[in-house]
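Enquirer: 3D model of this:
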Amino acid sequence: MRALSSLCLLSISLIFLFSCAPKQVEIPSYEGIDIREVLSAKNAISSIDTTFSIIYEKDDSEMRGEGVLNISKNGDLNLRIYSFGFLVLNVVSENGVIKSTPRIDRNKSELLTRGLRDCLFWWDIQDYEVDEKDSMYVLKNFSREVCLDKKTVLPIRQLVTLESGKELHISYGDMQKMGDVWYPSKITIELSQYSVKLKIKDMSFNGNV
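Expert: Numbering: from 1, shown residues only. Presented below is the predicted three-dimensional model:
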């Protein structure tokens, strides 16, 4: 009887455990749907608010912190980075004019402005051609190359060529969902000897979405 009671309690515990476990939501498949139609549906997003943890690396040095960002499709942004609760960097970009406290060099500025804009608004690529390679769509224009998963039409990696000729290398992973919008929650941006790794904690999309 004792063994039977223990077995019953175990069964009840397992049922309770699995009933309370969060259900994994599968990313929808867009196979067979025109890729331009899928991407254009995101054009209603005008700005993004996000919070994230950040690891900033240069050569052998590393800085960790927490970031708060509001960024618009046109590139205007307000970025604040905190370390141990203290504000260590504030970057504001408006109409192409970038101001930061403390001042940062050009590479870091491009990484935290153009890099963040293009990596988050990855679908906003204009006048592109589409190639199919294995399980990917490759969208390419004169300054950007975006590789998308053919099934989910979500980003895998991106290459951005800056006016200086330097290249931003962006990679994506760990897709999450906010409302009806799926997004990558792990992003790495690299430029020259700089590297920024983001782990998105919260993401909200503003506009008619």
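
Enquirer: The residue nearest to residue 178 when sequence neighbours are not counted: which element?
Expert: By the measure of Cβ to Cβ, 6 or more residues apart in numbering, the closest residue to residue 178 outside its immediate chain neighbours is residue 203, 5.1 Å from it. Where you see a C-beta, it was placed from the backbone N, CA and C, and this is true even at glycine. Per DSSP states H and E: residue 203 is located in strand 194-207.

Enquirer: still on that earlier bit, what's opposite the residue nearest to residue 178 in the beta bridge?
Expert: residue 50 (DSSP bridges).

Enquirer: what number of residues lie near it?
Expert: Using other Cβ atoms under 10 Å as the criterion, residue 203 is surrounded by 20 other residues.

Enquirer: looking at it, it is touching residue 183, isn't it?
Expert: Yes. Contact criterion Cβ atoms under 8 Å: residue 203 and residue 183 qualify, at 5.6 Å.

Enquirer: Let's check: the centremost residue of this protein is which one?
Expert: Closest to where the C-alpha atoms of the chain average out (Cα atoms, centre = their mean) is residue 184, at 4.6 Å.

Enquirer: Could you list the residues in contact with the strand or helix carrying it?
Expert: Following DSSP H and E, one finds residue 184 within strand 181-191. Defining contact as Cβ atoms under 8 Å, 6 or more residues apart in numbering, one finds that strand 181-191 is touched by 27, 42, 45, 107, 110-111, 115-116, 119, 152, 154-155, 166-177, 195-200, 203, 205, 209.

Enquirer: Return the subset of those lying in strands.
Expert: If you go by DSSP state E, those have 45, 155, 167-177, 195-200, 203, 205 in strands.

Enquirer: Quick one, which of the residues you listed are buried?
Expert: The neighbour count (16 or more other Cβ atoms under 10 Å) marks 45, 155, 168, 170-172, 195-198, 200, 203, 205 as buried among the ones in strands among the contacts of strand 181-191.

Enquirer: Give the next helix or strand downstream of the lowest-mean-pLDDT helix or strand in the chain.
Expert: Lowest by mean pLDDT, DSSP states H and E among the helices and strands of the chain is helix 2-20, with a mean of 45. Downstream of helix 2-20, the first helix or strand assigned by DSSP H and E is helix 35-40.

Enquirer: List the buried residues in that following helix.
Expert: Buried-residue list, helix 35-40, by 16+ other Cβ under 10 Å: 38, 39.

Enquirer: hmm, who's touching that helix?
Expert: Outside helix 35-40, the residues that reach it (Cβ under 8 Å, 6+ apart) are 30, 123, 125, 130, 137, 139, 148, 153.
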